[in-house]
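# Structure for the following, please:
(chains A and B)
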2 protein chains.
Amino acid sequence: MLKVQPLLCALGVLATAQKSIESERLYKNPSYTPKERAEDLLKLMTWEEKVGQLGGARRLFSRVDGKPSFNETALAITLETQNGQIGFGSQLNYASEVLPLANEFRTAQLNNSRLGIPFITVTDSVNGIYPAGGTLFPGTCAMGATWNIPLYREAVTAIRDENLALGVKWVLSPEVDLARDPRNGRNGEMYGEDSYHVGEFATHYINTMQKKDENGYVKVATTIKHFVFGQSSGGVNTASIYGGINHIFNELGAPYIRAFRDANPLSLMVSYATVDQVPMPSNKYMLRKVLRGIMGFKGLIMSDAVAIPHLYTQSKVAKSATDAGLKALRAGLEHELNPAGTAVFPTLINSVDDAEVAHMIDEAVRAILEIKFATGTFDLPLPSVSELNKTLRSDRHLEINRNVSRESIVLLQNDGTLPLRANTTRIALLGPYADVLNSGSYAANNASEHKYGGTIRRSLEQRLGANNVKYKAGVDVISTSTDTSGIPDAVAAAKKAGIAVVVVGSGWSSDTTAVAINRTDGEGFSHPDLSFPGMQQQLLDAVLDAGVPTILVLSGSQTFLLNDSSKRSRAILTTLIQGEFTGDAVAEILFGDRRRARSPVAYDYFPSDEQGGFTGTGRFDWFWPQLTRYAPLRFGFGLSYTKFEFSAPAIARRDNTTVTATVTVANTGGRIGKEVVQLYYRPAVTEIEFPVMKLVRFVKIELAPGESRQVSLSVPIHELGYFIDAEWYVEKGLYNFWIGSSSRTEDLLPYNITLA
Amino acid sequence: MLKVQPLLCALGVLATAQKSIESERLYKNPSYTPKERAEDLLKLMTWEEKVGQLGGARRLFSRVDGKPSFNETALAITLETQNGQIGFGSQLNYASEVLPLANEFRTAQLNNSRLGIPFITVTDSVNGIYPAGGTLFPGTCAMGATWNIPLYREAVTAIRDENLALGVKWVLSPEVDLARDPRNGRNGEMYGEDSYHVGEFATHYINTMQKKDENGYVKVATTIKHFVFGQSSGGVNTASIYGGINHIFNELGAPYIRAFRDANPLSLMVSYATVDQVPMPSNKYMLRKVLRGIMGFKGLIMSDAVAIPHLYTQSKVAKSATDAGLKALRAGLEHELNPAGTAVFPTLINSVDDAEVAHMIDEAVRAILEIKFATGTFDLPLPSVSELNKTLRSDRHLEINRNVSRESIVLLQNDGTLPLRANTTRIALLGPYADVLNSGSYAANNASEHKYGGTIRRSLEQRLGANNVKYKAGVDVISTSTDTSGIPDAVAAAKKAGIAVVVVGSGWSSDTTAVAINRTDGEGFSHPDLSFPGMQQQLLDAVLDAGVPTILVLSGSQTFLLNDSSKRSRAILTTLIQGEFTGDAVAEILFGDRRRARSPVAYDYFPSDEQGGFTGTGRFDWFWPQLTRYAPLRFGFGLSYTKFEFSAPAIARRDNTTVTATVTVANTGGRIGKEVVQLYYRPAVTEIEFPVMKLVRFVKIELAPGESRQVSLSVPIHELGYFIDAEWYVEKGLYNFWIGSSSRTEDLLPYNITLA
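You can find the predicted model right below:
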């Protein structure tokens, strides 16, 4: 069925294959280190074989007529010169369809490689494995919103094992970009806005993914990314940013510095951004001097897709493909990620006689070979379909996923209407996103078939019976639609039911439904307008105008402007990027089976940001967005169905090395619930500006009604500093600490301490 | 009436007065240079007298019971230690009331100064002179929108002469900040978004203001500001920005570099911003190294109001007032601008024994003394009320103001409804901004009395007769109001008239009306939401829903989101920050008496900003805001009542030093009209990223119907470069040029040329 052999023949790969390499060569012996094996292999490789390792065949399969289709054209272009890695292609293919084909391809390629150098399989992995058929988790922003590190490690373990079962040895995660521009359509792929919170999640992700197996092999290599991305022009993913060295070290770079200290990501992806007018793929200063020299990153540096060609096609800082490739190589790029046949590193084959280029290519080949050796790619057998079927969607994975979904939903407003009374039997379920599984850009969501997972509609129908859930979309998801003809019917249904759940949002899924085709969020999207796309606000307003008690459910990770009209809703909750059990979790939460979680939104601005020259005269007061009625909901905030009280905190210095904050948290409400204990700090006076407060530790605890628990959070004093011109500096003197349940003033207890 | 003498007595000033200084001292002799005179005077000054020159009494008069009231409390605090300059205080006082009092104060102070060192009068000056009673011009953004440099020089001449008549020798303008963040409430005080356009206007402003009189005195010293301000966090005026060195030199700093080359601003104001975590008032690197060292600025460096105390009250990078003062002094600040008694430089009196401080204070005192000598402040008589009355609001000034108002209004959309038919006799004039003179934060707009100038309502009533203009506010200007009860009446009036002019907007005026108290724009305001404040959209929608042909008039400089509903208007025009004749100019334009102008909104993004990794698949296309239906109207765009055609351009290189672009413009429509010929360029390939296009020259011409004219724009090749790490670099090779009537692709003719 696959035409691998003829293809390889046609490209002359078979012709160069030799079986003469002695099997006892050092590089074939797993008892040597990856570094030693790579060094040995490198010596045997031809110039063409080396250049070939700098790229790969990224998209093996498209989907045609409901099944995987081998992408010969793309392969024909790349296979001759890009032999480093492969990716699977279409997210709409099922893992179980893809694996046998991929194995056949991998086997054929290996058998025909002169030196027996295997491809390594690299994929994106956000909500789970890249093709369909795995456990569909919520997106990264929803993971961050759980504030639950142990649970997150469980989820990452599940995602790792599903990837391994598919033969994926290398993933293009974690994404540690900070979600600080509300316009960015890619915020759903980020953990949140805070560099510590992001660094914490990313570090656990890397350590869990790269855990070594019983033979010492790294299970799945990770790629920390996108180095470096800030608040881009226009909120656009690929647009330019301006970053001074302090900004880069203290904010944008902080999660990287954390991850390099406490984890060891084997690779790193360079961002699409242009930093201070210099595109990152040619930014020698940022990559060789800052990333390698100061931050000390040791792993492989790869480009984002098509980013190297962009140097001449878009940024216009290179004269040709070869010039772009050379500039990227000199800047420190070692691997080129290209979905189509537009790679430029293969043109380096013509630089065979250039000693400087030859040296840099040796460095680059060493980097990918070391990953292949570290992950056992040379040594371990290819995965089997039977093992795959056992691993994917195991009961344990599904259970973890349910738990993540439950903790990732955030309750933003509630006048007591939630939880709904147990005897609620009829609901009007309105809004176009009530029947959409809104799982984001990188989900393997084969939602046009809905084989797995479901929408809020399906979950509520399962709970109440289909007849008791009166579903009306009212309006559609298309942002350009001005059709409001369905609104009266929706209002009528709401009046009849006496209670309405209105699900509105903004999203994208990778399927072929209206949401996918008419997407309004996700990678590549920037929001000049933060209102609900299309006529969704009109639907919500009409229901509220009719006086029907309304629960507003927000779907997707766009930042939504909640206007005064929307706030008339009795309760508001947000689902962020959904997983397959998000619908079920919403149904549980509506009826009070489940409890709180929290949502990120930028709280850590500088002290001078919030005020200007004049105060107190009314007419002259300043309007920092955090302080007005337009203020975003604060970082760390989220409501619960029960009530928690914090005792006065005790903060102590120990041995001049550690600060420990202790507080007793009591559940004084009537339900079991979870609370996130958050510790913030700032040195009172600093050499350069420091945020008004900065998260430094957190922990999530569960308490039964009446239960109380003492929680201690410790921080080494050395961690309480910041960078000045890329050098770490720790203040002496007065420090402010706050401990509480969110970054809102009213949720925090202050405590001052002097550190000598 | 003034209690100056007792006040000065109480402060001990009289006690130290000595008349013993020989009148023939060098510093009293105008035949010496300002530098020589300052040097001589400095030697005679006591330590306290020196420190006193570092600040001033900023707000002499408040307004109580409709007349100026001497502000004894503020003076008592500052007079002893801050003797450098004075400002007038309340904008609501009339110039003719203020001058005699100010003269009395200045005379008393001079008579009691031991060395006869006069105050210098410093004021803001945006729409005209700072107190009321002068010619009220439109705001800076509206000036920029005229694209008419000769007319602007006339306006600045008028503003200068009105200031001089009032004894103002130093103004806190020009503001060269770039209006690049649509959320910033202060955009109305800026010329626009483009650094060349801004630099051009600012350079002409400085040269016109600082023109020397027949005795060689600088007429009015200028203050270029706010060094340096970029796209700040949250669009907030005082918030932090991140700027790499390339960003600062090529974009934010470009107008400064231009002004330092072609003009000589005698002073510069430091911004409130924190640049890369270092507040500008303590930013030694940016002030001593970049501004003084690399950019070569020679004039006085002043703080913005209360900005030095902010170092310890807000930024928390100083431990005390004295520490803040020392940090600012070391960073290069030479003068402190403080409206209240919170100055910190006076605390430097305690540093009398510190040689480093003493040296820096000598430098600072020299700087202000040189301005005083240069402007004739020591030598020229105080102005008289009779001369003031002759100068303010002269016929010539009013005529210039009418011309500026006419050219500052921009026609954004027109289906042919405008100009209105001459036989139009009835109009429904709707919207709360139809009866507001929306002149911005810094206007001396005594609008509660409406002594001068008028609103659009008044102008239309004068033209058509009060009975023929049916005015209904419909809704109010208060952003938190949800009262829509006036809308039905407004719609009824529109239906009856058959045509509606709806004036909606956002603004502030310095008067005591609802707009002032409930302001929604201006300094200190940031817009999380770009829609019309309050219920104004609802009013507009209701009129449009009723099918009445509608002219939408935008009032104020907020960036407005024009949604699909608003675009149903037959025509849209924007007035920006209004002057006293803006209402008249709107009436003229509605009836076709007048013609086009243009508006700035960021067109000069980097090539890589507008695209990402994927194109052509529909689902993956990128959504750069400039390319979508949400695109802002492009820089340089504006409609006309006539039609212009451009011939194919000829672009030639001359002597390897100059590029000249020549085009023939023809008026092919039926009316006389003005057109702005704009020249843009970019080097095809650059070392670091360069904008997709950049304005480099423009000229505004007027053509009668049928008339055509050849226009040539010349640029030295040396100007076609950019900074890399603060060093100027000019590419060789292919350049793209475009010439046309706006930065829109469809309005431009391309031309390529190779420069060796």
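
# Compute the first-to-last residue distance for stretch A:38-51.
15 Å (C-alpha to C-alpha, to the nearest Å).

# buried ones in that stretch?
Within stretch A:38-51, the residues that qualify as buried by neighbour count (16 or more other C-beta atoms under 10 Å in any protein chain shown) are A:Ala38, A:Glu39, A:Asp40, A:Leu41, A:Leu42, A:Met45, A:Glu49, A:Lys50, A:Val51. Backbone N, C-alpha and C define where each C-beta goes, glycine included.

# quick one: the helices in the stretch 151-300 of chain A?
Here the stretch 151-300 of chain A has its helices, by DSSP state H, counting those that start in this stretch, at A:195-209, A:245-247, A:254-262, A:284.

# among the ones you listed, which is nearest chain B?
helix A:245-247 (4.1 Å; C-beta to the nearest C-beta).

# Contacts made by the closest one with the rest, please.
A:Gly230, A:Ile688, A:Phe723, A:Ile724, A:Asp725, A:Ala726, B:Tyr242, B:Asp276, B:Gln277, B:Val278 (C-beta atoms under 8 Å, 6 or more residues apart in numbering or on different chains).

# what about the second one, neighbour count?
Read that as A:Ile688. 21 (other C-beta atoms under 10 Å in any protein chain shown).

# Could you look up the SS state of it?
coil (DSSP: H, G, I helix; E, B strand; the rest coil).

# Isn't it up against B:Gln277?
Yes - if you go by C-beta atoms under 8 Å, A:Ile688 and B:Gln277 touch, sitting 4.3 Å apart.

# The contacts of helix A:245-247, buried ones only, as a ChimeraX selection?
Here is the ChimeraX command that selects the buried residues among those (16+ other C-beta under 10 Å):
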select /A:230,688,723,724,726 /B:242,276,277,278
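
# from the contacts of helix A:245-247, which single one is nearest A:Ser555?
A:Gly230 (27.5 Å; C-beta to C-beta).

# for the residue nearest to the closest one when sequence neighbours are not counted, which residues make a bridge with it?
With sequence-adjacent residues excluded and distances taken as C-beta to C-beta, 6 or more residues apart in numbering or on different chains, A:Gly230 is closest to A:Ile241, at 4.0 Å. Per DSSP bridges, the residues bridged to A:Ile241 are A:Val275.

# ok, back up a step: want to try a markdown table for the contacts of helix A:245-247, with distance to A:Asp564 and pLDDT as columns?
Output for the contacts of helix A:245-247, formatted as a markdown table (distance: C-beta to C-beta, whole Å; pLDDT from 0 to 100):
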| residue | distance to A:Asp564 | pLDDT |
| --- | --- | --- |
| A:Gly230 | 32 | 71 |
| A:Ile688 | 39 | 87 |
| A:Phe723 | 42 | 88 |
| A:Ile724 | 44 | 88 |
| A:Asp725 | 46 | 83 |
| A:Ala726 | 46 | 82 |
| B:Tyr242 | 33 | 72 |
| B:Asp276 | 38 | 87 |
| B:Gln277 | 36 | 85 |
| B:Val278 | 39 | 89 |
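
# Would you mind checking which of the contacts of helix A:245-247 is nearest to B:Arg114?
B:Val278 (39.3 Å).

# Not including adjacent chain positions, what is the nearest residue to that closest one?
Nearest to B:Val278 is A:Ile688, by C-beta to C-beta, 6+ apart, at 5.1 Å.

# Quick one: residues contacting A:Thr347.
A:Thr347 touches A:Ala321, A:Thr322, A:Gly325, counting by C-beta under 8 Å, 6+ apart.

# Among these, which one lies nearest to B:Thr662?
A:Ala321 (36.9 Å).

# what residues are up against that closest one?
A:Pro309, A:Tyr312, A:Val344, A:Thr347.

# Next one: it from chain B, what distance?
Counting by C-beta to the nearest C-beta, to the nearest Å, the separation of A:Ala321 from chain B is 13 Å.

# List phi and psi for that residue.
A:Ala321 adopts backbone torsions of phi -60, psi -50, taken as degrees, to the nearest 10.

# Need the pLDDT of A:Lys19.
Confidence at A:Lys19, expressed as pLDDT, is 45.

# Also A:Met693?
Confidence score, pLDDT, at A:Met693: 90.

# what bridges to the nearest residue to it once chain neighbours are set aside?
Closest residue to A:Met693 apart from its sequence neighbours, by C-beta to C-beta, 6+ apart: A:Tyr680 at 4.2 Å. Following DSSP bridges, A:Tyr680 is listed with bridge partners A:Leu695, A:Trp738.

# residues contacting A:Tyr680?
A:Met693, A:Lys694, A:Leu695, A:Val696, A:Phe737, A:Trp738, A:Ile739, A:Ser743, A:Leu748.

# what's the neighbour count on A:Val176?
Neighbours around A:Val176, by other C-beta under 10 Å: 30.

# How about the contacts made by it?
Counting by C-beta under 8 Å, 6+ apart, the residues that A:Val176 touches are A:Met190, A:Tyr191, A:Val198, A:Gly199, A:Ala202, A:Ile224, A:Lys225, A:Pro255, A:Tyr256, A:Ala259.

# would you turn these into TSV with pLDDT?
Formatted as TSV, the contacts of A:Val176 follow (pLDDT from 0 to 100):
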residue	pLDDT
A:Met190	87
A:Tyr191	90
A:Val198	90
A:Gly199	90
A:Ala202	93
A:Ile224	92
A:Lys225	88
A:Pro255	89
A:Tyr256	90
A:Ala259	90
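
# So which of the residues you listed would count as near chain B as well?
Checked against chain B using C-beta under 8 Å from any C-beta of the partner chain, the contacts of A:Val176 give no members in range.

# Flag every residue of the stretch 651-756 of chain A that's near chain B.
Residues of the stretch 651-756 of chain A lying near chain B (C-beta under 8 Å from any C-beta): A:Ala684, A:Val685, A:Thr686, A:Glu687, A:Ile688, A:Glu689, A:Phe690.
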